[in-house]
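A.B. asks: quick one, what's the 3D model for this:
(one chain, ligands or ions: 2)
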Amino acid sequence: MKNLNRDQVIYTMSREHRPVLTVKSGETVTVHTYDCFKDRLIPEDSSFDSLLFDELNPATGPIFVEDAKPGDTLRADILDISLAPLGVTEIDPEFGCLAKLVKKPVVKRLPVENKKIIFSPKLSLDLKPMIGVIGVAPADRDIPTDTPDSHGGNMDCTQIKTGASVYFPVSAKGALLSLGDLHACMGDGEIGGCGVEIAGEVTLKLTVIPAYQKPYPVVVTDKEVMAVASCKTVDEAWQKAVEYLHDYMVSETELTSDEAVMLQSIAADLSICQTVNPNKTVRMSIPLKYLEAYGYRQK
Ligand code: CA
Ligand code: CA
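C.D. replies: Residues are numbered from 1 along each chain as shown. Ligands and ions are numbered 1, 2, ... in the order given. Modelled structure (predicted):
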């Protein structure tokens, strides 16, 4: 198994970046990541003023996957996420859906102990590790790591967790995957702009699916299949997520278009991943077993 330390980070996803690691299709790699503040709020004596705004959302990578080429899909199986012992969250009068209620930046450090996140002596939160930023090089432009789009990126999807498989459309030779911005937990919507931001290590298996591609990211867990859309507004994103899941259901199962619309209406869920990034992200999810009843086989 290969190992990628975090001294190589990028702040854009781009086909121009030089790969820092090469793996074969089907190979497993452990990737070490900083938190989204490059760990600058972790020291006790740090404060909001410690942040360097050109060092937000570092993503470790990119990883060149042999044989991946435009028109293929890269499947990333998330095998394990292990977290540092201390995370941090922050609220800010300049950022987030309730910014007008926040008078000044507030930073809170949150220890992770015995699979719980210590919010206060009264309250320990359930640990729900997830990956905020994961994506491949976009087709025709550089996209900052704070921005999600069809290449993945800062999707902040709570379902990108251990056991999930994420499918990305490959647009560059080698796919050039990078990732970072782990969260110990995050609420759907991420309304204040932060989860429990935390450093860690992700072990993932990267597999090329040749000559097969959807123009949007897909996430499959043991229970659900979901299509992910990121657009300028939440309204645009939910419409796209609905269309993407419909496209996926019709192309990957024996369902007719009408049956897919009907099933989406009666059995699929729209969820807001995040409301705070330059593009907003929405997913639509349907139970895996419903698609399997119509011949779905995970690629
Ligand atoms: Ca994020
Ligand atoms: Ca984050």
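
A.B. asks: can you give me the end-to-end span of stretch 117-128?
C.D. replies: One end of stretch 117-128 sits 9 Å from the other (CA to CA, to the nearest Å).

A.B. asks: ugh, wrong one, I meant stretch 27-43
C.D. replies: One end of stretch 27-43 sits 35 Å from the other (CA to CA).

A.B. asks: for it, buried residues please.
C.D. replies: 27, 29-42 (16 or more other CB atoms under 10 Å). (Each C-beta comes from the backbone N, C-alpha and C, glycine too.)

A.B. asks: which of those lies closest to ligand 2?
C.D. replies: residue 36 (4.0 Å; CB to the ion).

A.B. asks: residues contacting that closest one?
C.D. replies: Going by CB atoms under 8 Å, 6 or more residues apart in numbering, residue 36 touches 56, 57, 58, 132, 133, 180, 181, 194, 197.

A.B. asks: same question, residue 269
C.D. replies: 284, 285, 286.

A.B. asks: surely residue 234 and residue 279 touch.
C.D. replies: No. The criterion here is CB atoms under 8 Å, and residue 234 misses it with residue 279 at 10.0 Å.

A.B. asks: which one of these two is surrounded by more residues?
C.D. replies: Between residue 234 and residue 279, residue 279 has the larger neighbour count (other CB atoms under 10 Å), namely 22 against 17.

A.B. asks: quick one, what contacts the closest residue to that one other than its chain neighbours?
C.D. replies: Sequence neighbours aside, residue 230 is the residue nearest to residue 279 in space, at 4.1 Å (criterion: CB to CB, 6 or more residues apart in numbering). Contacts for residue 230 (CB under 8 Å, 6+ apart) come out as 147, 148, 149, 150, 153, 155, 237, 277, 279, 280, 281, 282.

A.B. asks: by neighbour count, which of these wins?
C.D. replies: Counting by other CB under 10 Å, top hit in the contacts of residue 230: residue 153 with 33 neighbours.

A.B. asks: and residue 224, how close does it get to residue 144?
C.D. replies: Taking CB to CB, to the nearest Å as the measure, residue 224 falls 29 Å from residue 144.

A.B. asks: more neighbours, these two?
C.D. replies: Neighbour count, other CB under 10 Å: between residue 224 and residue 144, residue 224 has more, with 20 against 16.

A.B. asks: what bridges to that one?
C.D. replies: residue 287 (DSSP bridges).

A.B. asks: again, but for residue 197
C.D. replies: residue 88, residue 183.

A.B. asks: any idea how far it lies from ligand 1?
C.D. replies: For residue 197, the distance to ligand 1 (CB to the ion, to the nearest Å) stands at 8 Å.

A.B. asks: per-residue confidence for that residue?
C.D. replies: Note on residue 197: pLDDT of 98.

A.B. asks: please look at residue 237 and residue 283 and confirm they touch.
C.D. replies: No. In this structure residue 237 lies outside contact range of residue 283 using CB under 8 Å: 9.1 Å.

A.B. asks: intersection of neighbour lists for the two?
C.D. replies: residue 229.

A.B. asks: can I assume residue 34 is in contact with residue 58?
C.D. replies: Yes. Residue 34 lies in contact with residue 58 (CB under 8 Å); the separation is 5.0 Å.

A.B. asks: overlap of the contact sets of those two?
C.D. replies: 6, 9, 180.

A.B. asks: quick one: residues contacting the first one.
C.D. replies: To tie it back to what came earlier, the one meant is residue 6. 31, 32, 33, 34, 58, 60, 199.
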